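> What follows is a protein structure lacking sequence information:
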């Protein structure tokens, strides 16, 4: 049995307005985070995700119930002890013009050094290793402000690593990142969990990141009980759709993405035998056609000698690019 | 490879210290009565009894105390400014931002304008002590008010707003007092408001210097907290910092230094605002372990320089030190901002 890192017991969170009954965001929560797991807290904007996050990291008091960090109420730890048990990475960034990457990462050692913040040789070694783990050692002399969003995120993760805590908590780590940086981030998180045996809790509403990274999802939505499970199970049972979707969006199980339900234009048959035809299929789905298996009756697209071909009323059409092909289909 | 980073630039610091020494000597030599280096050496290191009594008096009773007050006030104000800028994460913050110096002004206004010490001002030992005490009490009351309010407030920005409001209230009461008072008292008050490094009497000088030194010493112990605060409150808390207690300490030290200096030298503008910018720019760092000593020395340098300008031969009597600090400090800050932009645009 893996060690329990974080656990909640009948945790109720929400707002407290004096003179009025407390407003709880969800029914009481009982969840456990085990060592070495990557768990994602997922919920739409405004679902109370941030409040839960703040309560779990002890920056907000719960309405009732308790948060246990390594089997002890998180509120009973000293500030310095807590600093050695979990580290945070937030969307909020320091913005001093002269702040260097080194300073940011070195601050991760502050819980372990004295009043003068004098770093020992071992501290420098840990800082260097933390930078290497995230691949940011070449940024060390840059000012923090001059970095790209992806680089900043990696530097903040280096700070968390320098803090040398078993648990790392990241709030919306993928926000502001471009697509390749997002993928890089997910790979990094997985690497930290598998190779460095870190326990990782992060929040996100980015489905792509959630499905790629998390061993387990904690789904939250206003006034609904928190659901915990692995992403694939939650997808099949329709809970992802239920918790994360909004308005007209539906969760498409085939593409694992939220889509806007479109009026299907007409059926087109395709046998996605090779990669090119698979991309044609994608394009057709995007354009709103219903793609079916070839049955001899429906219009079928094939690929011949590098051309996309189809026959319509005895006439044979040929296209070199998918764009050309789509135009021809639109026109008939 | 990492160890070399964030080490104090000792060479730069020593250069600055030599400049401080140089300016200190100039401050003693230059004035309406020029004094030679040989005379100075005789008075300090030799046999003073053979010297001209007048020169000895000028040196020991006027020049030396004034230079020392400038030295310590500059250092104290610069550090107080740095603490405020970091605490509020605002490059515009300065020691007066929490209304502490307006509290001092109100204290002084009450004494001068209500009890009318008019013409006696500044030369008389008792009045000068009375004014210092009044200023210190005024500043201390505002400081206590701010500290007690900061216990109730979670948000540091709200505290900043409240500080500014308190400054408005105290300065309007001061204005009312000014409106109601006689011409002579008003003149004395205006003179006090222009600031001067020559109001500390010889007997109070040791007390003033020791008190400032204590404040500066305590500020050195804040550098780790300040470095954490720079990252943002949430990160600082996660690194084990008790934000509330640290903020209280920072306000206490900055307020104490400001109250003390304003009490003895009047409200001196711009050193507290501009020196931290100079220090950051010169040492290219945000590490307070370097910035605090840098601010102390640069503050001394700027204060001595301004005092010298204010007293250059040709200006009969002293120019108001407040105008000089602003005239020199402001263009410097503008220059730094322009220069900084060029560096970080690359």
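Arrived safely. Please read all numbers here as calculations on a predicted model, not as lab measurements.

> only C-alpha atoms for contact and neighbour calcs from this point on.
OK.

> What's the local residue count around residue B:57?
12 (other Cα atoms under 10 Å in any protein chain shown).

> other SSEs contacting the strand ranked longest in chain A?
In chain A, assigned by DSSP state E, the strand with the most residues is strand A:4-12. Where contact means 3 or more Cα pairs under 8 Å, 6 or more residues apart in numbering or on different chains; DSSP states H and E, strand A:4-12 is packed against strand A:32-34, strand A:64-69.

> now with 10 Å?
strand A:32-34, helix A:49-56, strand A:64-69, strand A:72-73, strand A:199-204 (3 or more Cα pairs under 10 Å, 6 or more residues apart in numbering or on different chains; DSSP states H and E).

> wait, what's in contact with residue B:34?
By Cα atoms under 10 Å, 6 or more residues apart in numbering or on different chains, the residues touching residue B:34 are B:28, B:55, B:313.

> can you pull out the helices in the stretch 201-332 of chain A?
Taking DSSP state H, counting those that start in this stretch as the criterion, the stretch 201-332 of chain A carries its helices at A:207-213, A:231-236, A:239-244, A:275-287, A:322-331.

> Of all the residues in the helix ranked longest in chain B, which ones are buried?
If you go by DSSP state H, chain B has its longest helix at helix B:125-152. Within helix B:125-152, the residues scored as buried using 16 or more other Cα atoms under 10 Å in any protein chain shown are B:125, B:127-143, B:146-147, B:150.

> Can you name the next helix or strand after that helix?
Next along the chain after helix B:125-152, taking DSSP states H and E as the criterion, comes helix B:156-180.

> now that following helix and helix B:125-152, what's the angle there?
150 degrees (axes from the mean of the first three to the mean of the last three Cα atoms, to 10 degrees).

> helices and strands around the helix or strand that helix B:156-180 is followed by, which ones?
On the C-terminal side of helix B:156-180, the closest following helix or strand by DSSP H and E is helix B:183-193. Judged by 3+ Cα pairs under 10 Å, 6+ apart, helix B:183-193 is in contact with helix B:100-109, helix B:156-180, helix B:243-265.

> Go through the second one and flag the buried ones.
By neighbour count on 16+ other Cα under 10 Å, the buried set for helix B:156-180 is B:156, B:159-160, B:162-164, B:166-167, B:169-171, B:173-174, B:177-178.

> What of stretch A:69-84?
Neighbour counts over stretch A:69-84 (16+ other Cα under 10 Å) mark A:69-70, A:73-75, A:79-80, A:82-84 as buried.

> In JSON lines, list those residues along with distance to residue A:206 and pLDDT.
JSON lines is the format used below for the buried residues of stretch A:69-84 (distance: Cα to Cα, whole Å; pLDDT from 0 to 100):
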{"residue": "A:69", "distance to residue A:206": "27", "pLDDT": "96"}
{"residue": "A:70", "distance to residue A:206": "29", "pLDDT": "95"}
{"residue": "A:73", "distance to residue A:206": "31", "pLDDT": "95"}
{"residue": "A:74", "distance to residue A:206": "29", "pLDDT": "94"}
{"residue": "A:75", "distance to residue A:206": "31", "pLDDT": "93"}
{"residue": "A:79", "distance to residue A:206": "32", "pLDDT": "92"}
{"residue": "A:80", "distance to residue A:206": "33", "pLDDT": "92"}
{"residue": "A:82", "distance to residue A:206": "29", "pLDDT": "94"}
{"residue": "A:83", "distance to residue A:206": "28", "pLDDT": "95"}
{"residue": "A:84", "distance to residue A:206": "29", "pLDDT": "95"}
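
> when you check chain B, which of those residues turn up near it?
For chain B, the contacts drawn from those by Cα under 10 Å from any Cα of the partner chain are A:79-80, A:82-84.

> that older thread, identify, out of the helices and strands packed on strand A:4-12, the most deeply packed stretch.
Of those, the one with the most neighbours on average (mean count of other Cα atoms under 10 Å in any protein chain shown) is strand A:199-204, at a mean of 24.

> Distance from stretch B:208-218 to the middle of the chain?
Distance, stretch centre to chain centre, for stretch B:208-218: 12 Å (Cα atoms, centre = their mean, to the nearest Å).

> Now the terminal residues of stretch A:42-56, how far apart.
This stretch, stretch A:42-56, spans 14 Å end to end (Cα to Cα, to the nearest Å).

> Just to check, residue A:124 is in contact with residue A:108?
No: with contact defined as Cα atoms under 10 Å, residue A:124 does not count as touching residue A:108 (11.0 Å).

> quick one: common contacting residues for these two?
With contacts defined as Cα under 10 Å, 6+ apart, the residues shared by residue A:124 and residue A:108 are A:130, A:162.

> ok, and the closest non-adjacent residue to residue A:224?
Excluding the flanking residues, the one nearest residue A:224 by Cα to Cα, 6 or more residues apart in numbering or on different chains is residue A:26, at 5.8 Å.

> what about the one you found, distance to chain B?
Using Cα to the nearest Cα, to the nearest Å, residue A:26 is found at 25 Å from chain B.

> Quick one: residues contacting that residue.
Shown in contact with residue A:26 (Cα under 10 Å, 6+ apart): A:11-14, A:47-48, A:52, A:220-226.

> Filter these down to the buried ones, PyMOL style.
A single PyMOL command selects the buried members of these (16+ other Cα under 10 Å):
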select buried, chain A and resi 11+12+13+14+47+48+52+220+221+222+226
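
> How far away from the center of its chain is the longest helix of chain B?
Relative to the mean C-alpha coordinate of its chain, helix B:125-152 is positioned 16 Å out (Cα atoms, centre = their mean).

> close to chain A, is it?
No: Helix B:125-152 does not reach chain A (Cα under 10 Å from any Cα); its nearest approach is 15.6 Å.

> Next one: the residue sitting nearest the centre point of chain A from chain B, what distance?
The centroid of chain A falls nearest to residue A:209 when counting by Cα atoms, centre = their mean (3.6 Å). Distance, residue A:209 to chain B, by Cα to the nearest Cα: 24 Å.

> That'll do, ta.
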